[in-house]
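J.: predicted model and sequence below, questions to follow.
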Amino acid sequence: MVKFVRFIRYWSPPLLWMTTIFYFSSQLHVTVTGRFLFDFVIFKVLHMIEYAILYFLLFRAVYSLPKPQFTLKNQFLFGLIIASIYALSDEIHQTFVPTREGKIRDVIIDITGILLMYIYIKNNLNRLKKLLN
């Protein structure tokens, strides 16, 4: 029972966040300002933020596992790999949604958000330990 509660506590947030990303990727293309450049910047910054959050949640889930299973390096790497694969799969998914398109550029933008969160966590791990537990 304890393992199940622990699983829910640490793994449901990234799974729910991935579901949220999938839901929004399934929606028709929208604009905020009607001006291409402003909309482009707004949505690309949002992409970076949503994938930075996904990386944080995945890292938190792996960080919660018993330490002999994953070294700290592998904990960082696991989140990078899973979040990056999800970014790629999200863009592939968008090719099937009317008015949406999947682009490698967007995968790179998503991975940029992932890498920014990776750098942040790596540089502030001691301060973030309370959030991770």
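T.: Happy to help now that I have it.

J.: and Lys103, backbone torsions?
T.: With angles defined as degrees, to the nearest 10, Lys103 sits at phi -130, psi 140.

J.: could you check how far the closest residue to it other than its chain neighbours is from Asp110?
T.: Leaving aside its sequence neighbours, Lys103 sits nearest to Glu91 (CB to CB, 6 or more residues apart in numbering; 6.4 Å). C-beta coordinates here come from the backbone N, C-alpha and C atoms, glycine included. Plainly put, Glu91 is 8 Å away from Asp110 if you go by CB to CB, to the nearest Å.

J.: neighbour count winner among these two?
T.: Set Glu91 next to Asp110 and count neighbours by other CB atoms under 10 Å: Asp110 wins out with 26 against 19.

J.: and the more buried one, its phi and psi?
T.: Dihedral angles (degrees, to the nearest 10) for Asp110: phi -60, psi -40.

J.: contact partners for it?
T.: Applying CB atoms under 8 Å, 6 or more residues apart in numbering, we find Asp110 in contact with His47, Met48, Glu50, Tyr51, Ala83, Ser84, Ala87, Asp90.

J.: which element is the residue lying closest to it once chain neighbours are set aside on?
T.: The shortest distance from Asp110 to any non-neighbouring residue, by CB to CB, 6+ apart, is to Ala87 (3.7 Å). Assigned by DSSP states H and E, Ala87 belongs to helix 72-94.

J.: contacting residues around that helix?
T.: Here helix 72-94 has contacts from 18, 21-22, 25-26, 51, 54-55, 58-59, 62-63, 65, 70, 100-104, 106-107, 110-111, 114-115, 118, 121-122, using CB under 8 Å, 6+ apart.

J.: count the neighbours of Leu77 for me.
T.: For Leu77, the neighbour count with other CB under 10 Å is 15.

J.: ok, it to Ser89 distance?
T.: 18 Å.

J.: how about Asp106?
T.: Distance from Asp106 to Ser89, by CB to CB: 12 Å.

J.: the two: which has the busier surroundings?
T.: Taking other CB under 10 Å, Asp106 and Ser89 do not tie; Asp106 has more neighbours (18 against 15).
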